[in-house]
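**Student:** Would you be able to build a 3D model of this:
(one chain, ligands or ions: 3)
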Amino acid sequence: MFTTLTIIKADVGSIGGHIAPSRRLLDTITRRIASDGESLLSDFFVGHTGDDIAILMVHPRGVGDSEIHRLAWDAFRAGTDSAKDQGLYGAGQDLLVSSFSGNVKGAGPAVAEMEFEERPNEPFLMFLADKTEPGAFNLPLYLAFADPMNTAGLLLSPEITQGFRFRVQDVSHVDGDRVIELEAPEDLYRLAALLRDNDRFVVESIRSRHDGEIAAVVSTQRLHNIAGKYTGKDDPVMLVRVQKNFPATGEILAPFAAAPYVGGFMRGSHVGPLMPVKHGTGCSYFDGPPIISCWAFCVHHGRLTEALDPFDHPFWDTVRDRAAEKALEMRRQGFSGPAMLPYSELEYGGIVKILESLESKFTVVRQDELAAV
Ligand code: F6R
Ligand code: MG
Ligand code: MG
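**Tutor:** Ligands and ions are numbered 1, 2, ... in the order given. Here you go, the predicted model:
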């Protein structure tokens, strides 16, 4: 049986700043998907992390289906009306176009989808991140799918020792998707050379080289490419199939224990640690830190099991404490050096305007004039 998993995610309003959506907003979207999606979906789940709401839809219609995309778009429109009615902050902020034209890609929401033939038991993980960018998944995916120091299965499991094929997108390219495919382990150094640059090169998907099956998909949409200016950070989502011919759940989760520094945090312009959090966590310190949540499911004949929370475990309390220390350490240096993103990534116009206004005030003193002084 072929099943498609589609996540479509947007920030359409939250309470108290960019913290978390209201219960009523979540209910509005959930009810809308339940009623309008009845004939399209075999199951669905609505979750949030920080101020972003993700609709996970299970259906047989394949990726990029316009009816599925319309369903999510209409639910987010209904959510926006509810957010406006409640006076939530940033109501409708990620819906960047006024009318739907067949696919939410390029319209503001983030999308990640995969189609596969269901295994007899099909476990998968859904990740939602807030106050960060799609490249935040580069390092965790590299470690989980290409590094035997993290993933013992690359040495121990006959299904996955053949390695994985990474499809990487250049997200600075705006006219179409500029992509490259690289194979681990042969292309490991070339892959690392691209993935070091989270702002520009982003893992879009990963396939097994054993059987060509899809293993992982990441949303790669960049809001400022669509809007031409800052309208919020891109706050990515990811789906990963696990076990047997893919890394185990624990091998996919393990890289997040490093709480790696990522771009985002306050005003989408800083660097902070990616903190693995429990379901329902909002954002707080310095509008952050960047957070990552995970839902673990099985899907069977198109129906989802209940969701578990892998980051709700005592182990991750230690990681959260360490992430808080890393955040405080970086914040001690305010705007200086690596605490802020490079000029090319600064999302707000203010600093760009300051630097432009200083351009004409700079003077150049040549060596011969120096000698005359
Ligand atoms: C970052 C984020 C927040 C806002 C900040 C200012 O992705 O959402 O840090 O950038 O709270 O928000 P505005 O400009 O809406 O006042
Ligand atoms: Mg927001
Ligand atoms: Mg957000």
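**Student:** The helix or strand encompassing Y189: which residues count as buried?
**Tutor:** Under DSSP states H and E, the secondary-structure element containing Y189 is helix 188-195. By neighbour count, with 16 or more other Cβ atoms under 10 Å as the criterion, the buried positions of helix 188-195 are 191-192, 194-195. (C-beta placed from N, C-alpha, C; glycine too.)
**Student:** nearest spatial neighbour of the residue most central in space within the chain, skipping sequence neighbours?
**Tutor:** Centroid-nearest residue in the chain, with Cα atoms, centre = their mean: P236, separated by 1.5 Å. Here the nearest residue to P236 in space, its sequence neighbours aside, is P134; by Cβ to Cβ, 6 or more residues apart in numbering that works out to 4.0 Å.
**Student:** How many neighbouring residues does that neighbour have?
**Tutor:** 27 (other Cβ atoms under 10 Å).
**Student:** okay but it is in contact with S205, surely?
**Tutor:** No. Because the distance of 11.9 Å does not satisfy Cβ atoms under 8 Å, P134 is recorded as not touching S205.
**Student:** Mutual contacts of these two, please.
**Tutor:** With Cβ atoms under 8 Å, 6 or more residues apart in numbering applied, the overlap between the contact sets of P134 and S205 consists of V218.
**Student:** gap between G288 and ligand 1?
**Tutor:** Counting by Cβ to the nearest ligand atom, to the nearest Å, the separation of G288 from ligand 1 is 7 Å.
**Student:** pLDDT weak spots in this protein?
**Tutor:** Low-confidence regions of the chain, defined here as pLDDT under 70, cover residues 223-224, 226-233, 347-348, 373.
**Student:** where does it come near ligand 3, residue by residue?
**Tutor:** For the chain, the residues in contact with ligand 3 (Cβ under 5 Å from the ion) are 11, 50-52, 130, 235.
**Student:** count of neighbours near the closest residue to ligand 1 within the stretch 251-373 of the chain?
**Tutor:** For the stretch 251-373 of the chain and ligand 1, the shortest gap (Cβ to the nearest ligand atom) falls at D287, measuring 3.3 Å. Under the neighbour criterion other Cβ under 10 Å, D287 is assigned a count of 22.
**Student:** Spatially nearest residue to it (excluding sequence neighbours)?
**Tutor:** Distances taken as Cβ to Cβ, 6+ apart place M266 nearest to D287, at 4.6 Å, with adjacent residues excluded.
**Student:** Enumerate every residue touching that neighbour.
**Tutor:** The contact partners of M266, by Cβ under 8 Å, 6+ apart, come to 286-288.
**Student:** Which helix or which strand is home to the residue of the stretch 201-350 of the chain found nearest ligand 3?
**Tutor:** Among residues of the stretch 201-350 of the chain, the one nearest ligand 3 by Cβ to the ion turns out to be D235. It sits 4.0 Å away. Secondary-structure assignment from DSSP H and E places D235 in no helical or strand segment.
**Student:** any idea how far P134 is from it?
**Tutor:** In this structure, D235 and P134 are separated by 9 Å, where distance is defined by Cβ to Cβ, to the nearest Å.
**Student:** which residues in this protein form helices?
**Tutor:** Defined through DSSP state H, the helices belonging to the chain, from first to last, are 23-36, 66-86, 138-146, 153-156, 188-195, 223-227, 249-253, 314-331, 349-359, 367-372.
**Student:** Most tightly packed of those helices?
**Tutor:** Per residue and on average, the most neighbours among the helices of the chain fall to helix 138-146, with a mean of 25 (mean count of other Cβ atoms under 10 Å).
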